[in-house]
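> Provided below are the primary sequence and the corresponding predicted coordinates.
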Amino acid sequence: MDKVDHTASNTFMLNAKFLLILFVVIANCIEPLIQQSPAFHSLYLAIYTFHIPMFVMATGYFSKSFKLDVPGIQSLQMIFYHYLIFQSLYSLLDALAFHAPGVRYSFFIPYSLLWFLFSHFCWRLLLLLFTKLKHPLAISIVLGILIGYAPFTGTMLSFSRTLVFFPFFLAGYYFQLDRVPKLIVRLNKWFSAIGLLGILVLLNVTTLDPKWLYSSFTYTELGSLHWYTGGYRLGIYLLEIVASFCFLSFVPRTPSILTEWGKYTVYVFLLHAFITKTAISLGLFSHVHTAAQMALVLLLAAAMTWLLLQGWVRRFSQPLIEPHLSFWKRGAIRTNKRPQLPDSPDSPIK
């Protein structure tokens with residue numbers, strides 16, 4: 001029974017990972033258009049209410065067996081390698097071609113979406129401490145609220161996002177599908193659709209600053225440093241939890257091609273920004289005006305996600321994304337097995 005339940009949980013989370021990476025690509029593709037399209041602006045905000053928290057949760061789920069043993073050190077090294085290589089590549093390309101506004105070239109300030117890699121490295125190390133504490137989830141929420149009062153910039157070392165989203169990582173770590181009440185798992189999709197519609201209305205009525213959903217800014221940077229500002233962060237947490245439950249109700253629980261694609265989301269995550277940022281730097285989004293053209297942007301985002309999951313793309317990019325990193329084993333246990341990607345369910349880190 002335990003094996004079946006664990007497999008069901010894996011399938012559920014892999015299906016969720018594919019849908020989430022699809023939303024990541026969609027959000028990044030429509031971001032250049034949100035100022036000219038109220039519909040895209042609402043969609044963009046709605047996606048941000050759940051796609052980062054849920055991706056963090058899925059990452060936490062696949063970190064269940066993390067320890068500072070040989071496989072654990074291997075996974076940390078792979079995450080560090082991804083950050084080192086892609087921070088260098090994206091920074092170099094930005095300096096030469098992308099010229100994104102407000103970018104500071106530093107290994108201590110993750111470039112764009114690479115904050116997730118830096119935070120993932122930290123989340124795994126934080127697990128070693130928090131799994132020994134009583135009420136770790138409650139403590140992590142308190143820390144996520146308090147970090148907003150920090151007197152330094154939240155983007156430095158991805159410090160703000162690391163602590164703000166850590167509760168979702170812990171939730172994924174402790175997640176077991178068989179222990180979730182069936183009423184929640186099988187939440188009526190109509191109610192979830194109504195809930196998401198309500199969130200859209202709320203986001204438009206309150207004119208929420210997207211920076212609150214990015215969670216990379218301190219309260220000072222958000223222009224709202226008061227003793228009670230932590231209550232706003234708590235409200236954002238509640239909004240993200242409701243939106244996440246609504247999202248999860250639409251995630252399939254049975255194996256399918258989505259499950260297989262969910263194993264390789266790291267390829268989409270690391271590669272898609274090369275395409276989107278090139279399109280932005282070439283001014284392609286400035287030609288998007290009509291509803292038909294905006295619909296085409298959504299279709300192209302889905303097509304790009306599908307393309308980057310194809311086997312030939314993985315084979316071509318594997319030497320960069322999944323290289324042999326055997327030098328770290330010196331003095332440690334020797335093994336002939338090839339290192340697995342940290343986010344793969346076939347990895348030693350499950």
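Yep, that arrived. Numbers count the residues shown, from 1 in each chain.
> from Leu146, how far off is Phe159?
12 Å (Cβ to Cβ, to the nearest Å). Heads up, the C-betas are built off the backbone N, CA and C, glycines and all.
> same question for Thr206.
24 Å.
> which one of the two has more residues nearby?
Leu146 (12 against 9; other Cβ atoms under 10 Å).
> can I get whatever helix or strand Lys211 lives in in PDB, CA atoms only?
Element membership for Lys211, per DSSP states H and E: helix 210-214. Extracted as PDB, the C-alpha positions of helix 210-214 are listed here (Å, rounded to 0.1, in the frame of the first residue of the first chain):
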ATOM      1  CA  PRO A 210       3.300  42.400  -8.300                       C
ATOM      2  CA  LYS A 211       6.400  43.000  -6.200                       C
ATOM      3  CA  TRP A 212       4.500  41.500  -3.200                       C
ATOM      4  CA  LEU A 213       4.100  38.300  -5.200                       C
ATOM      5  CA  TYR A 214       7.700  38.200  -6.300                       C
END
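> please enumerate residues in contact with that helix?
Helix 210-214 has contacts (Cβ atoms under 8 Å, 6 or more residues apart in numbering) with 44-45, 48-49, 52, 161, 217, 221-222, 232-233, 236, 240.
> any of those residues buried? List them.
Buried members of those, counted by 16 or more other Cβ atoms under 10 Å: 44-45, 48-49, 52, 161, 217, 221-222, 232-233, 236, 240.
> report the distance from the helix holding Lys211 to the chain centre.
Put simply, helix 210-214 sits 14 Å off its chain's centre (Cα atoms, centre = their mean, to the nearest Å).
> next, the buried residues of it.
Neighbour counts over helix 210-214 (16+ other Cβ under 10 Å) mark 212-214 as buried.
> mean confidence score for that helix?
Averaged across helix 210-214, the pLDDT comes to 94.
> circling back to that earlier point, closest to Cys29 among the contacts of helix 210-214?
Among the contacts of helix 210-214, Tyr44 lies closest to Cys29 (Cβ to Cβ), at 10.0 Å.
> the closest one is in contact with Ile30, isn't it?
Yes - under the criterion of Cβ atoms under 8 Å, Tyr44 makes contact with Ile30 at 5.7 Å.
> between Phe159 and Leu146, which contacts overlap?
By Cβ under 8 Å, 6+ apart, no residue touches both Phe159 and Leu146.
> who does the top helix by length along the chain touch, helix- and strand-wise?
Using DSSP state H to define each element, the chain has its longest helix at helix 2-30. Using 3 or more Cβ pairs under 8 Å, 6 or more residues apart in numbering; DSSP states H and E, the elements in contact with helix 2-30 are helix 38-48, helix 51-61, helix 230-248, helix 257-261, helix 265-281, helix 291-308.
> list the buried ones in it?
Judged by neighbour count using 16+ other Cβ under 10 Å, the buried positions of helix 2-30 are 8-30.
> got it, and stretch 162-181?
Going by 16+ other Cβ under 10 Å, stretch 162-181 has these buried residues: 162-173, 175, 177.
> is it possible to get a markdown table of those that adds distance to Lys134?
Formatted as a markdown table, the buried residues of stretch 162-181 follow (distance: Cβ to Cβ, whole Å):
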| residue | distance to Lys134 |
| --- | --- |
| Thr162 | 22 |
| Leu163 | 19 |
| Val164 | 22 |
| Phe165 | 22 |
| Phe166 | 17 |
| Pro167 | 15 |
| Phe168 | 20 |
| Phe169 | 18 |
| Leu170 | 13 |
| Ala171 | 17 |
| Gly172 | 20 |
| Tyr173 | 16 |
| Phe175 | 19 |
| Leu177 | 25 |
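> of those residues, closest to Tyr267?
Out of the buried residues of stretch 162-181, the member with the shortest distance to Tyr267 (by Cβ to Cβ) is Gly172, at 20.7 Å.
> would that closest one count as being in a strand?
No - counting by DSSP: H, G, I helix; E, B strand; the rest coil, Gly172 falls outside a strand, being helix.
> pretty sure it sits against Met57.
Yes - counting by Cβ under 8 Å, Gly172 touches Met57, with 3.7 Å between them.
> circling back to that earlier point, quick check: of the buried residues of helix 210-214, which lies closest to Gly72?
Minimum separation from Gly72 among these (Cβ to Cβ) is found for Tyr214, which lies at 29.6 Å.
> could you check how far the closest one is from Tyr105?
Tyr214 sits 20 Å away from Tyr105, going by Cβ to Cβ.
> and what of Asn204?
For Asn204 relative to Tyr105 (Cβ to Cβ), the value is 36 Å.
> equivalent analysis for Phe18, please.
32 Å.
> next one: Phe247
Taken as Cβ to Cβ, the span from Phe247 to Tyr105 is 35 Å.
> comparing those two, which shows the higher neighbour count?
The neighbour comparison of Phe247 against Tyr105 (other Cβ under 10 Å) goes to Phe247, with 23 against 13.
> excluding chain neighbours, what is closest to that one?
Phe50 (4.6 Å; Cβ to Cβ, 6 or more residues apart in numbering).
> can I assume the one you found is in contact with Cys246?
Yes - between Phe50 and Cys246 there is a contact at 7.4 Å, judged by Cβ under 8 Å.
> show me the helices in the stretch 101-250 of the chain, by range?
Taking DSSP state H, counting those that start in this stretch as the criterion, the stretch 101-250 of the chain contains helices spanning 115-130, 136-146, 159-164, 166-174, 182-185, 189-206, 210-214, 230-248.
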